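# Compute the structure for the input listed below.
(chains A and B)
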Amino acid sequence: MNGGALLQGALSGLAAGGVYAVFAVTLTLMSRLVRVVNFAQAATGMFAAFVAVWFASKLGMPVWLATIAGILVGALLAAIIGWIAATWLSDADLSTRSAMTVGPFLLLMSLSYILFGNKPQPFAPIFNGPAFTVTGVVVSWVTVITVSLAILVAVAAALVLRKTTIGTKLRALSDRPTTAELIGISSKPLAIGVWAVTGAISAVTILIIAPTQSNDAVTLSMLIIPAAAAALLGGFKRLDLAVVGGLLLGLINGMVAQINELALVRNFVPLIFIVILLLWSQRKEVWDAAR
Amino acid sequence: MKSRILGAAALTAAAALVLSGCAGSDGGGEGAPIKLGSVNTISGPATFPEASEAAAAVFDKVNADGGINGRQIEYKVTDDKADPATATASARELVGSDEVVALVGGASLLDCEINAKYYEQENVRSIQGIGVDPGCFNSPNIAPANIGPFNDTTLTMLYGSEELGLENLCVLTSVIGSTGPAYQAGVDRWSDITGKEPLYVDDTVPYGGADYTPYVVKAREAGCDGIVTNNVEPDAIGMLKAANQQGWDDVTFLMLTSVYSESFAQAVSNSAAGVYVPAEFYPFTEDSDVNADWKALMEENGITLTSFSQGGYLAATFMVEVLESIEGDITRESVNEALANMDPLDNPMIAYPYQFDKIAAQDYEPGGWPVTLKSGTNAWEKAADDWLMIPAS
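Below you'll find the predicted structure:
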């Protein structure tokens, strides 16, 4: 095992890391702004992308139009789930609202089986092939795009929150919901808006990566697990750490795949990541207090 | 008043059920249906619904034509959901309660592994439509219609090294359950026959993984010119796409029959130097008289054309021939005797004659028909003019 192979492995994990990072950023945004850990995040994107493929292959829409339609479907789906959360669970705590999202998660997976079957979908790649090579290490376009997308979403979200009126209102609602409501900020449309935007981002992400990897309903929906592990690095609060967490997890995954001695733990990397982070975050607690 | 009417209706229905149950349980006599069944994975992580659908279509046709010596076939399909407890219960339901005379046309991720001992104990035999797990290939009571993924592994490697002249084969295996040693035995058999060794074997490739890039990068760095993998459809597509993203266009993929489908061909436009599969049955993507009867029956019943439906069709066809050969009453004992003493059945859809005991003992020469999926074609084509057999080593 030499350093070159490890570097190669690390870079090969970067594409997956970028995807984890995008989803980790959307999870963090949702957690901060609308008090929910959305388990259906990746499933929403998956379903929207499958609908886009259906538009293109069955209705004969041009790929660009089908892609846009798919993104709109993603936004709409998320908005519907958001409307449910804002209407009936507005006073519920984060755990209850998060538990609710397991429903749409399972529903979307089952629905995709019923509507599109259990075979992988024939996605036409939007970005394909190697972008550049660094000392024999090939970095693909998808890697470049997903990593950029993760950073772009995180920066854009941070800017919107700090510099715009909507951002100020959103922060007011997330920090002091009652006070914000009393001074006349209406929470429901804003909350549904946040859901819709993250739904659209999920759809975009899946539409970019699905043509270049395993793309059945389960594999795509389950991206939520490493993404949640990545978001945990920032405690579901910090966007920058969510990006770092996603990329780090991808790098580690890629490196571990190169080391034969670590074969047994390969598939548990996100889990180990979660356990270590939880232990780290609890490090100052004494046993009785932490329980 | 309303509840009384409902109560009376419920009682009547219950009585009718009990009576009809009684009518069924005294079966076995003249004119009573011949009970057959199968355990299948119809829902779960990897599904095989077509095998039992195809078997059912064969039996429906036999029934429509008057049945076996005037007796209708009653075929029951159960779903084990890839869950061991459900698989155990399904087998007991068919063998214990329904008292089937034999099992036929099943395809499950774990039926053989879980139930082989029970079948031996109850002295019931099974012609699996598609044998998947290792248990299907080491029980005297189970003789699948297909050669199975382990023989398939040896075959695909033989084709890669002997026909395509690949020198550095790398084996990337996803192990589900206890299949690891059986795949290794498949690789070792290839080594015994050819005297060659794979460049490396990695049996920790995740099943259902999202991104296979790290594995592909490792294989390229190691200098593999052929990747042997037992990936099922979605994972195989992931593996190919990872190679595409790396711009690795001169690697050959040696895969198993599980990816030989129209949907796979549609989903793969760049297959590098080609995907090669030794199809376990006569290639169904070719127009040919060999598959004509199977194809017509599948299309008539709206069943997907796959290798799985070929396996289910063949298992049922063999069973019908065996049942027809029985003189006198058709019971579990007479079916067992007929299967044990059957003449070898030749069918152009498979490479070797089917004879229950020989197949169950793995005392035969398995073969497959090489097919290939080339880049840019989105269609499978024959890669050879005849069956490729595993020579006796």
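# interface residues of the stretch 1-150 of chain A facing chain B?
A:5, A:8-9, A:12-13, A:15-16, A:19, A:118-123, A:128-130, A:138, A:140-143 (CB under 8 Å from any CB of the partner chain). Every C-beta, even on glycine, is put in place using the N, C-alpha and C of the backbone.
# Apply 6 Å and report the result again.
The stretch 1-150 of chain A comes close to chain B at residues A:8-9, A:12-13, A:15-16, A:119-120, A:122, A:129-130, A:138, A:140, A:142, as judged by CB under 6 Å from any CB of the partner chain.
# Top of those residues by number of neighbours, please.
Highest neighbour count within those: residue A:12, with 35 neighbours (other CB atoms under 10 Å in any protein chain shown).
# Can you give the contact residues for stretch B:47-61?
Residues outside stretch B:47-61 that contact it (CB atoms under 6 Å, 6 or more residues apart in numbering or on different chains): B:38, B:40-42, B:73, B:75, B:77, B:105, B:107, B:129-130, B:297, B:301, B:303-304, B:306, B:308-309, B:311-313, B:315-317.
# If we use 8 Å, what do you get?
A:118, B:36, B:38, B:40-42, B:73, B:75, B:77, B:104-109, B:129-130, B:132, B:294, B:297-298, B:300-301, B:303-304, B:306, B:308-313, B:315-317, B:320 (CB atoms under 8 Å, 6 or more residues apart in numbering or on different chains).
# Show me those residues that map onto strands.
Judged by DSSP state E, strands contain the following of the contacts of stretch B:47-61: B:36, B:38, B:40, B:73, B:75, B:77, B:104.
# So which of those is the closest to chain A?
Nearest to chain A among these: residue B:40, at 14.3 Å, using CB to the nearest CB.
# contacting residues for that closest one?
B:48, B:49, B:51, B:52, B:77, B:78, B:79, B:80, B:106, B:107, B:108, B:111 are the contacts of residue B:40 under CB under 8 Å, 6+ apart.
# 10 Å instead?
Contact partners of residue B:40, counting by CB atoms under 10 Å, 6 or more residues apart in numbering or on different chains, are B:47-53, B:55, B:77-82, B:87, B:90, B:105-109, B:111, B:128-130, B:312.
# do residue B:258 as well
B:46, B:48, B:130, B:132, B:149, B:152, B:230-233, B:235-236, B:264, B:277, B:280, B:306-308.
# what about 8 Å?
With CB under 8 Å, 6+ apart, residue B:258 has these contacts: B:149, B:230, B:231, B:232, B:233, B:236, B:307.
# Could you do residue A:63 as well?
A:56, A:124, A:126.
# Counting only strands, which of the residues you listed make the cut?
Per DSSP E, those never map to strands.
# Let me have those in TSV, adding distance to residue B:164 and neighbour count as columns.
Output for the contacts of residue A:63, formatted as TSV (distance: CB to CB, whole Å; neighbours: other CB atoms under 10 Å in any protein chain shown):
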residue	distance to residue B:164	neighbour count
A:56	35	21
A:124	30	14
A:126	33	18
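# okay if I get those as TSV plus pLDDT?
Output for the contacts of residue A:63, formatted as TSV (pLDDT from 0 to 100):
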residue	pLDDT
A:56	88
A:124	72
A:126	71
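# got the residue ranges for the strands in the stretch 1-150 of chain A?
A:130-134, A:137-140 (DSSP state E, counting those that start in this stretch).
# Not counting the shortest one itself, show me its contacts.
If I follow you right, that is strand A:137-140. By CB under 8 Å, 6+ apart, the list of residues contacting strand A:137-140 reads A:7-8, A:11, A:14-15, A:129-133, A:212, B:213, B:217, B:245-247.
# between those, which has the most around it?
residue B:213 (32 neighbours).
# and the gap between it and residue B:274?
21 Å (CB to CB, to the nearest Å).
# same question, residue B:212
In terms of CB to CB, residue B:212 sits 18 Å off from residue B:274.
# More neighbours: which of the two?
Shown here are residue B:212 and residue B:274; by other CB under 10 Å, residue B:212 has more neighbours (29 against 16).
# if I read this right, the more buried one contacts residue A:214, doesn't it?
Yes - counting by CB atoms under 8 Å, residue A:214 is a contact partner of residue B:212 at 7.5 Å.
# So which bits of chain B are right by chain A?
So far as CB under 8 Å from any CB goes, chain B lies against chain A at B:45, B:47, B:202, B:204, B:206, B:208-218, B:221, B:233-235, B:237-238, B:241-242, B:244-247, B:261, B:263, B:266-267.
# In a markdown table, list the residues of the stretch 1-150 of chain A next to chain B along with pLDDT.
Shown next, in a markdown table, are the residues of the stretch 1-150 of chain A next to chain B (pLDDT from 0 to 100):
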| residue | pLDDT |
| --- | --- |
| A:8 | 81 |
| A:9 | 82 |
| A:12 | 83 |
| A:13 | 86 |
| A:15 | 85 |
| A:16 | 88 |
| A:119 | 70 |
| A:120 | 70 |
| A:122 | 73 |
| A:129 | 77 |
| A:130 | 82 |
| A:138 | 81 |
| A:140 | 85 |
| A:142 | 86 |
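# and residue B:283, how many neighbours?
For residue B:283, using other CB under 10 Å, the count is 22.
# what does residue A:88 give?
10.
# Could I get the pLDDT score of it?
In this model, residue A:88 is scored at 90, pLDDT.
# tell me the contacts of it?
By CB under 8 Å, 6+ apart, residue A:88 lies in contact with nothing.
# could you measure it against chain B, distance?
31 Å (CB to the nearest CB, to the nearest Å).
# do you know how far that residue is from residue A:129?
47 Å.
# so where does the residue nearest to residue B:105 when sequence neighbours are not counted fall, helix or strand?
If the residues on either side of it in the chain are set aside, residue B:105 comes closest to residue B:55, at 2.7 Å by CB to CB, 6 or more residues apart in numbering or on different chains. Remark: residue B:55 resides in helix B:49-64, with elements defined by DSSP states H and E.
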